[in-house]
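Q: model the structure of this input:
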Amino acid sequence: SHGLMIGWTAWEIGVSKYVHAVHSRSEPPTNENQWSPIMRRPFASHRSLFVALGITSIGFGSLLLPSHASGQTSTATLDTIRAGRFDAGKMWTFEYAPSEYFTETYGFDADGAWFERARMAAVRIPGCSASFVSPNGLLATNHHCVRGRVAQISREGEGLLDNGFYAASADLERRIPGYYADQLLATEDVSEEVFKALEGAEGEGGRTRAREAVFENIRSRLLDEYGSAGEEIWVQMIALYNGGRYSAYVFRRFTDIRLVFAVELETGFFGGDPDNFTYPRYALDFAFLRAYGSDGEPYLTEHYFDWGAEGVEEGDVVFVIGNPGSTTRGTTMAQLEFLRDAFVPAQRQWYESRHGALGEYRKARPEEAEAWGVRNRMFSLSNSLKATVGRLEALHKPVIMARRAAAEHALREAIAERPELAARYGGLFDRMAEIQEAKVALAAPFAAFYRLGSPTYSSATVLRALAAADYLIARDRGGLSADSLGVLYEQVREVRDNPPELERRMLAARLADFTRYLDADDEIARLARHDGTPEATAASLLAHSKLSSAQDAAAALEADGLDESDPAVRLAMAILPEARAFGAAYGPLIGEEQALAGDFGRVRFEVYGRSVPPDGTSSPRITDGVVSGYEYNGTLAPPYTTFYGLYDRHYSHRDNIEWALPERWRTPPPGLDLGTPLNFASTADTYGGNSGSPAVTPELELVGLNFDRNVNGLSRDYIYLPEQGRNVMVDVRAIQAALDYAYDADRIVQELLTGQLFRTEQEADASR
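A: From the prediction side, this is the model:
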């Protein structure tokens, strides 16, 4: 592939297996000396590593763990801190359903039929989870899961994101283009079939071809078995335990999804970024969708959760069913230390700088920013930023690292005690540590080029310049066909403009990355501060480059008027060779790391079997927990909050937009009991991707919708600690009260309570 693709090829895509988009807010270092030394190493000094890997002074696996916060050394050792039974979490899969554990722990018969009902009533939607709550295809999820789509389907003058939406009749339910919901029909453990196919494969290329071939055979077999007329069936191959096991998931996909109800943004995102990842909370973060069949009618299903109108109380068990994203609980200590010292700090800086650029642009051009969708982009980034800071803080906590070290020590001992395992897997830990050392040596260019090709949060000028440099190099070198050269030509033309004010800030942010992480003598860094500062250089470059707009770029291409005299082209010509060299060095490390991770997964499964669930994979899971408050800030967080708290937050922060209520809610709606539970917390093991997940009782009644974790739960990327970590849910009692008293949405309320579809509000009113 050509140079433009370096921003999103192997080194960036592969590493996402170990790094995630969950996030937080904290003040960045005020001077570059506060950055970890490994982030300041010049790229040029590591050229030798592209041939021979390894050279770093950082040690791995130490039992004396430094305390980042205090600067003191913790005396926590393996003699005093032990790994807990559920440190690896409770993200149970349906093919390895924990029937005995659920039955023994919670006193009900969690048999195969129970798990089938739970699995079939839950669905996966883009980036989130949802569930059927009536036999007529009605789906419940979070407002924040669909708010981008709400804005998308708003018609001129509507402003549905701010004003909310309610389809008072069935014919007003509005289809969401390109949206879908996946229902898990069946799972099959195909590990032995895959492992057998890989046995004779040679080299990474051979293994990849063998894996794809056996995957295709499995898909074809399952499609023949489950496919039927009028249904869209697809099969997803899921690597569990980082490739230590493989499962085939058979989904039914619904492609006609319509919006039925959405609250106002101020209600669904009440508390905004300050309250994000906190508890107590007071958000009405819910929405309703409906799945339609191929006949254009609401989909009729026997698998749905009954409405648990009575709710739950403290100590009650809840099961949360959803699709948690990637976690790293199965990584080694060496990998954790790399994340702590290099990867996550680079992520944090990227999120902070891009969120800052968008915020400055929104402040300078509020109306233009709103039209450009900047508000939703900022919500996404602030969420990611806040979680990233929480993850970084978790990696600096001695007790967490000590418990992870204890778990690793136990696994090492278990492997050593079994000769057949020791012979095959005994060298895994040392080789994984060597790979991390090599990655540490590449930390500076990694941070400098991080998400270089991101289309949403990048400078359009940089993307266009990289494409143009690729085109010019290929044209001058010769050897490409006219068609191939035409593809590169079109890549330059296809980059869309940002608004000028936003483009200047995004370009300055990228130039600042280069000056922050690359050596001062590096050509890229010199060009990035050509006019003194990244900000001044960005303004100058945009004023003098023919690539600063799509129109000017097209004209320059047409006139054959692009060369290295253009400042953007000159910058791109400096970036491409270093980015390619970095990718050539980093990509193989990630490839080997993933292969080793699969070996680690296999040996863990050999040692622990199904008693330890796999890391999150954005695939369907079920987790258990109990409704519970916790101690925090010297006081107690209650198990649930009420509407009283919502109004207290609103009036206590009267002049702050984050706690502003929409007009409909400024005065409590007549009939609303302010003591109604609004949000509640439990110990269930949720993660990003669990938004919208149903929380159900042993009787499979819906009692809440998961929408967040507290700050103590941000460590769940690496370890599950239920002492204070909580997931946060919207209580169904609040949802029903809001629909009844604030929105007069009887059509939905009556369907939830009776299971009957009412075509109009009048029909529903008459049924009461």
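Q: name the helix or strand for Gly689, please.
A: Counting by DSSP states H and E, no helix or strand carries Gly689.
Q: residues contacting it?
A: If you count contacts by Cβ atoms under 8 Å, 6 or more residues apart in numbering, Gly689 has them with 127-129, 322-325, 616, 618. For glycine as for every other residue, the C-beta is placed from the backbone atoms N, C-alpha and C.
Q: repeat that for Pro662.
A: Neighbours of Pro662 in contact, by Cβ under 8 Å, 6+ apart: 162-164, 264, 266-267.
Q: what about 10 Å?
A: Residues near Pro662 by Cβ atoms under 10 Å, 6 or more residues apart in numbering: 162-164, 263-267, 270, 742.
Q: can you pick the most crowded of those?
A: Val263 (29 neighbours; other Cβ atoms under 10 Å).
Q: state the phi and psi torsions of it.
A: phi -70, psi 170 (degrees, to the nearest 10).
Q: redo the contacts of Gly689 as TSV? Include secondary structure and neighbour count.
A: Formatted as TSV, those follow (DSSP: H, G, I helix; E, B strand; the rest coil; neighbours: other Cβ atoms under 10 Å):
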residue	secondary structure	neighbour count
Gly127	coil	18
Cys128	strand	22
Ser129	strand	29
Gly322	strand	31
Asn323	coil	28
Pro324	coil	26
Gly325	coil	18
Gly616	coil	26
Ser618	coil	18
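Q: now, which of those sits nearest Arg82?
A: Gly616 (24.0 Å; Cβ to Cβ).
Q: test my guess that that closest one contacts Ser326.
A: Yes: taking contacts as Cβ atoms under 10 Å, Gly616 lies within contact range of Ser326: 5.6 Å.
Q: overlap of the contact sets of those two?
A: Looking at what touches both Gly616 and Ser326 (by Cβ under 10 Å, 6+ apart), the common residues are 20, 687-689, 717.
Q: quick one: which of the residues you listed has the lowest pLDDT value?
A: In terms of pLDDT, the lowest of those is His20, showing 32.
Q: any idea which helix or strand comes after the worst-scoring helix or strand of the chain on mean pLDDT?
A: For the chain, counting by mean pLDDT, DSSP states H and E, helix 10-15 ranks last in confidence among helices and strands (a mean of 34). As assigned by DSSP H and E, the chain's next helix or strand after helix 10-15 is helix 99-106.
Q: beyond that following helix, next helix or strand please.
A: helix 112-121.
Q: list of residues touching that following helix?
A: Against helix 112-121 from outside (Cβ under 10 Å, 6+ apart): 92, 94-95, 97-99, 102-103, 108, 110, 131-133, 183-187, 252, 301-306, 319, 321, 620, 622, 694, 696, 698-700, 702.
Q: can you give me the strands in the stretch 151-300 of the chain?
A: 165-166, 174-175, 181-189, 232-240, 245-254, 256-262, 287-292 (DSSP state E, counting those that start in this stretch).
Q: nearest to Val462, out of those strands?
A: strand 232-240 (33.7 Å).
Q: buried residues in that closest one, which are they?
A: Residues of strand 232-240 classed as buried by neighbour count (16 or more other Cβ atoms under 10 Å): 235-240.
Q: partner strands of it and their direction?
A: Sheet pairing for strand 232-240, assigned by DSSP bridges, gives strand 245-254 (antiparallel).
Q: tell me the gap between the strand it pairs with and the middle of its chain.
A: The gap between where strand 245-254 is centred and where its chain is centred comes out at 20 Å by Cα atoms, centre = their mean, to the nearest Å.
Q: strands of the stretch 601-750 of the chain, residue ranges please.
A: 621-626, 630-632, 635-637, 640-642, 677-682, 694-696, 701-709, 727-731.
Q: out of the ones you listed, which comes closest to Ile415?
A: Proximity to Ile415 (Cβ to Cβ) singles out strand 621-626 among the strands of the stretch 601-750 of the chain, at 26.9 Å.
Q: put the alpha carbons of that closest one into CSV.
A: Provided in CSV are the C-alpha atoms of strand 621-626 (Å, rounded to 0.1, in the frame of the first residue of the first chain):
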residue,chain,number,x,y,z
ARG,A,621,-21.9,-11.0,27.2
ILE,A,622,-23.8,-11.4,30.4
THR,A,623,-22.5,-10.1,33.7
ASP,A,624,-23.9,-10.3,37.2
GLY,A,625,-23.9,-7.9,40.1
VAL,A,626,-26.0,-6.6,43.0
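Q: between it and helix 112-121, how many degrees?
A: Per axes from the mean of the first three to the mean of the last three Cα atoms, to 10 degrees, the angle that strand 621-626 makes with helix 112-121 is 110 degrees.
Q: pLDDT on strand 621-626, on average?
A: pLDDT averaged over strand 621-626 gives 98.
Q: what's it packed up against?
A: helix 99-106, helix 112-121, strand 317-322, strand 677-682, strand 694-696 (3 or more Cβ pairs under 10 Å, 6 or more residues apart in numbering; DSSP states H and E).
Q: which helix or strand contains Ser458?
A: Using DSSP H and E, Ser458 falls outside every helix and strand.
Q: which residues sit in contact with it?
A: Counted by Cβ under 10 Å, 6+ apart, Ser458 has contacts 7, 354, 451-452, 466, 495, 498, 503, 506-507, 509-510.
Q: adding secondary structure, write those out as TSV.
A: Shown next, in TSV, are the contacts of Ser458 (DSSP: H, G, I helix; E, B strand; the rest coil):
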residue	secondary structure
Gly7	helix
Arg354	helix
Arg451	coil
Leu452	coil
Leu466	helix
Val495	coil
Asn498	coil
Glu503	helix
Met506	helix
Leu507	helix
Ala509	helix
Arg510	helix
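Q: of the residues you listed, buried ones?
A: With burial judged by 16+ other Cβ under 10 Å, the buried subset of the contacts of Ser458 is 7, 354, 451-452, 466, 495, 498, 503, 506-507, 509-510.
Q: make JSON lines out of the residues you listed and add distance to Pro662 and pLDDT.
A: Output for these, formatted as JSON lines (distance: Cβ to Cβ, whole Å; pLDDT from 0 to 100):
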{"residue": "Gly7", "distance to Pro662": "40", "pLDDT": "34"}
{"residue": "Arg354", "distance to Pro662": "29", "pLDDT": "97"}
{"residue": "Arg451", "distance to Pro662": "35", "pLDDT": "95"}
{"residue": "Leu452", "distance to Pro662": "40", "pLDDT": "94"}
{"residue": "Leu466", "distance to Pro662": "44", "pLDDT": "96"}
{"residue": "Val495", "distance to Pro662": "38", "pLDDT": "95"}
{"residue": "Asn498", "distance to Pro662": "31", "pLDDT": "95"}
{"residue": "Glu503", "distance to Pro662": "33", "pLDDT": "97"}
{"residue": "Met506", "distance to Pro662": "32", "pLDDT": "97"}
{"residue": "Leu507", "distance to Pro662": "37", "pLDDT": "98"}
{"residue": "Ala509", "distance to Pro662": "34", "pLDDT": "98"}
{"residue": "Arg510", "distance to Pro662": "38", "pLDDT": "98"}
